[in-house]
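>>> this is a predicted model, with the sequence first.
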Amino acid sequence: MKLFPLWLLLAFAGLAAGLYAQDASRWEQGIFSWKASAPVIDVEAQRREADPHVALKDPSVVFHDGRWHVFATLRMKSGKVCMQYLNFADWSQANTAPRTTISFTDQYHCAPQVFYFTPHRRWYLIYQLVDPARSPKMAPYFSTTENLADPKSWSAPQLMVTNPAEKEKWIDFWVICDA
């Protein structure tokens, strides 16, 4: 089974970009169109014989310093789940861009969101991570860096919530703020 959720997100992003370019009244009336392409970033291009990649999903995409930076969940045939990073200048280069696996731990960690937090002058990476020694085992963590383009510069995982409500697990965190 092939999963290509990243292409769907990218198609939606293309739709949103196209809508900004269209007449606002057409948008308000619900009159719009979109085009979809083949997968832009394909796991087929990154198969490994020892542990083939099965899916690249949950992307967080940032345009910074003239390059697109993509952080995504990487699922492998063995069941291992971690994050992968790639960057490129143009979307036509996305599928051939070098990929770096972000391995904070040998435990399950995924669902990245990346953003720049101006008061701290740092990039934040928010994700879920499994720590068998904690309860709940799956919880929100974060790491920071001053250099978005260096996937090895992220700090060690730091737990975001120290007194969680009684839950079996928490998944797919997203930080939303307007100030």
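Noted; the coordinates are in hand.
>>> longest strand anywhere in this protein?
Taking DSSP state E as the criterion, the chain has its longest strand at strand 53-64.
>>> show me what that one is packed up against.
Secondary structure elements in contact with strand 53-64, counted by 3 or more C-beta pairs under 8 Å, 6 or more residues apart in numbering; DSSP states H and E, are helix 5-21, strand 67-76, strand 109-117. For every residue, glycine as well, the C-beta is placed using N, CA and C.
>>> buried ones in that strand?
Using 16 or more other C-beta atoms under 10 Å as the test for burial, strand 53-64 gives 53-60, 62.
>>> name the element the residue of the chain most remote from its centre belongs to?
If you look at how far each residue of the chain sits from its centre, by C-alpha atoms, centre = their mean, the farthest one is residue 25, at 32.8 Å. Element membership of residue 25, judged by DSSP states H and E, is helix 24-28.
>>> give the bridge partners for residue 61, please.
In this entry, residue 61 is beta-bridged to residue 70, by DSSP bridges.
>>> nope, residue 110 is what I was after
residue 128.
>>> and it, how many neighbours?
Residues lying near residue 110 (other C-beta atoms under 10 Å) number 22.
>>> tilt between the host helix or strand of residue 125 and strand 109-117?
Here residue 125, judged by DSSP H and E, is contained in strand 122-130. Interaxial angle, strand 122-130 versus strand 109-117 (axes from the mean of the first three to the mean of the last three C-alpha atoms, to 10 degrees): 160 degrees.
>>> angle of strand 122-130 against strand 53-64?
160 degrees.
>>> report the mean per-residue pLDDT for strand 122-130.
Averaging pLDDT along strand 122-130 gives 93.
>>> what angle separates that strand from strand 67-76?
Using the same axes, to 10 degrees: strand 122-130 against strand 67-76 is 10 degrees.
>>> please name every helix or strand in contact with strand 122-130.
strand 109-117, strand 138-145.
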